[in-house]
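Novice: Predicted coordinates and the sequence they were generated for:
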Amino acid sequence: MNGLRERVASERSRAGFTLTETLAALAIMLLASTIVAAGVPAATKAYVAAVDNSNAQVLLSTTTTRLRDELSVADPNASALVQANAVTDESTGEMLYVTFDSAETGYATSVKYNDALGLFLEQTDAAGQVVQTPLVPVSAAAGANASLRAKADSIEWNADAGVFTVRGLKVVRGDDVLEHAGIDEFDVRVLALAS
């Protein structure tokens, strides 16, 4: 009898998995793969949103620095200092904020916006050549986010205080404003007037 039990136990161990065990394992694997498959799009969406937010913050910081650098060297005594208050030129679609003579270069400089470049400088040199330079080069702001642009509501000149006030600086993608990527207002003191 002992030999029979050993032989039956030996045959069972070589028999493999039962149909019930196989179906149970298959059901568990199917459930696990469904959970993983449902989580991948959500994780991808969260990752893209985090990258967008990070790139928008870098773009905003770089734009702020460049605006400070450019506006701080405006010549407050030049006749070219013109406040335009974000007037849009219908023929080009460009928005003009302010035009000034740069004390650093001596050239007339305008701060403008268009959908292709975002905020940019338009400078006219001594030879009369017009050069447009993005405040943040598109390739530097781009990566996977080539459509991100910096835009401002207004740039105002206060001659009494010798200060430019930038209002509503934000990062946009097309017509959409990115949340958590904006500065309500900051001032730039003109260096020639700083004491």
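Specialist: Yes, it's here.
Novice: pLDDT-wise, which helix or strand of the protein ranks last?
Specialist: helix 138-142 (a mean of 51; mean pLDDT, DSSP states H and E).
Novice: which is the next helix or strand following that one?
Specialist: strand 148-151 (DSSP states H and E).
Novice: sec struct for the residue nearest to E156 when sequence neighbours are not counted, please.
Specialist: In space, and not counting its chain neighbours, E156 is closest to T165: 4.8 Å by Cβ to Cβ, 6 or more residues apart in numbering. Using the backbone N, CA and C atoms, a C-beta is placed for each residue, glycine as well. Assigned with DSSP: H, G, I helix; E, B strand; the rest coil, T165 falls in the strand class.
Novice: How about the one 4 residues further on?
Specialist: Reducing the assignment to helix, strand or coil with three-state DSSP, the entry for L169 is strand.
Novice: Across the sheet, point out what pairs with it.
Specialist: For L169, the beta-bridge partners under DSSP bridges are I183.
Novice: and it, how many neighbours?
Specialist: 22 (other Cβ atoms under 10 Å).
Novice: Next one: the closest residue to A159 other than its chain neighbours from R189, what distance?
Specialist: Leaving aside its sequence neighbours, A159 sits nearest to P76 (Cβ to Cβ, 6+ apart; 6.9 Å). Distance, P76 to R189, by Cβ to Cβ, to the nearest Å: 10 Å.
Novice: ok, now D89?
Specialist: Taking Cβ to Cβ, one finds D89 at 29 Å from R189.
Novice: Neighbour count for the two, which is higher?
Specialist: Taking neighbours as other Cβ under 10 Å, D89 and R189 compare with R189 leading, 15 against 12.
Novice: any idea of the pLDDT on that one?
Specialist: According to the prediction, R189 has pLDDT 88.
Novice: for A144, same thing?
Specialist: Value for A144, per-residue pLDDT: 50.
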